[in-house]
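1. Just need the structure, nothing else, for what follows:
(one chain, ligands or ions: 1)
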Amino acid sequence: MLKWKELYDECVNCHKCALGNTRINMVFGDGNSKADIIFIGEAPGADEDRTGIPFVGRAGQFLTKYLEELNLYRNKDYYICNICKCRPEKNRTPYEEEAKTCLQYVRNQVALVKPKIIVCLGATAMRYILGTDWRITRDRGKWVERKGFYMTTTFHPSAILRDPNKNQLFLEDLKAINKKYKEISA
Ligand code: URA
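-> Below is the predicted model:
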């Protein structure tokens with residue numbers, strides 16, 4: 001396992017897959033690196049690629065706002081990163097070999113943060129973290145305890161922007177995450 005600086009340096013110099021050739025910035029992660037909650041998304045979009053910061057575009061702002069309404073703040077309560085550290089062109093879903101190559105970095109981040117709660121945002125994070133037998137519509141909101149982590153999944157915030165009908169379920173999931181967080185902090 002690498003320490004933070006070594007891990008960052010390895011990611012910023014990474015060319016293990018072709019996304020390393022087209023990125024503007026490697027998007028490592030953001031938030032409290034000692035938080036009890038880690039959110040894991042899919043891959044950077046254009047705004048993240050431009051700034052080097054995860055979840056700052058429209059979907060990210062939406063998520064940040066919802067979490068703040070629950071009194072969950074990025075610099076205090078959670079760390080946030082993606083399965084893939086570099087933007088796939090036109091925001092396509094990362095190819096399996098890209099995700100699997102990058103997964104070692106996410107695992108290292110999780111090992112360094114040592115969160116109590118792992119939240120997969122959307123089907124890609126769910127697939128690579130929780131397993132290919134999980135289905136986002138069927139299994140969102142479900143909790144499992146594995147390797148000492150409480151783990152769950154919910155919709156990706158961009159899915160809510162595309163389909164506001166999912167909003168209520170998304171909110172319920174965020175509230176359940178907050179509840180679990182309060183329970184483990186008590
Ligand atoms: N979508 C993601 O999955 N991650 C980001 O950082 C931005 C959008």
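
2. Count the residues that sit near F28.
-> 19 (other C-beta atoms under 10 Å). Backbone N, C-alpha and C define where each C-beta goes, glycine included.

3. Quick one: the helices in this structure, in order.
-> Here the chain has its helices, by DSSP state H, at 4-12, 19-22, 46-51, 58-69, 96-113, 123-129, 136-139, 157-162, 167-185.

4. Tell me which residue of this protein lies closest to the ligand.
-> G41 (2.9 Å; C-beta to the nearest ligand atom).

5. That residue contacts L121, doesn't it?
-> Yes. Counting by C-beta atoms under 8 Å, G41 touches L121, with 4.5 Å between them.

6. Mutual contacts of those two, please.
-> H156 (C-beta atoms under 8 Å, 6 or more residues apart in numbering).

7. about what we covered before: out of the helices of the chain, which one sits most buried?
-> Neighbour counts (mean count of other C-beta atoms under 10 Å) averaged over each of these peak at helix 123-129, with a mean of 23.

8. Which other helices and strands does that helix contact?
-> With contacts taken as 3 or more C-beta pairs under 8 Å, 6 or more residues apart in numbering; DSSP states H and E, helix 123-129 sits against strand 37-41, helix 96-113, strand 117-121, helix 136-139, strand 149-154.

9. what angle separates the last one from helix 58-69?
-> In this case it means strand 149-154. 120 degrees (axes from the mean of the first three to the mean of the last three C-alpha atoms, to 10 degrees).
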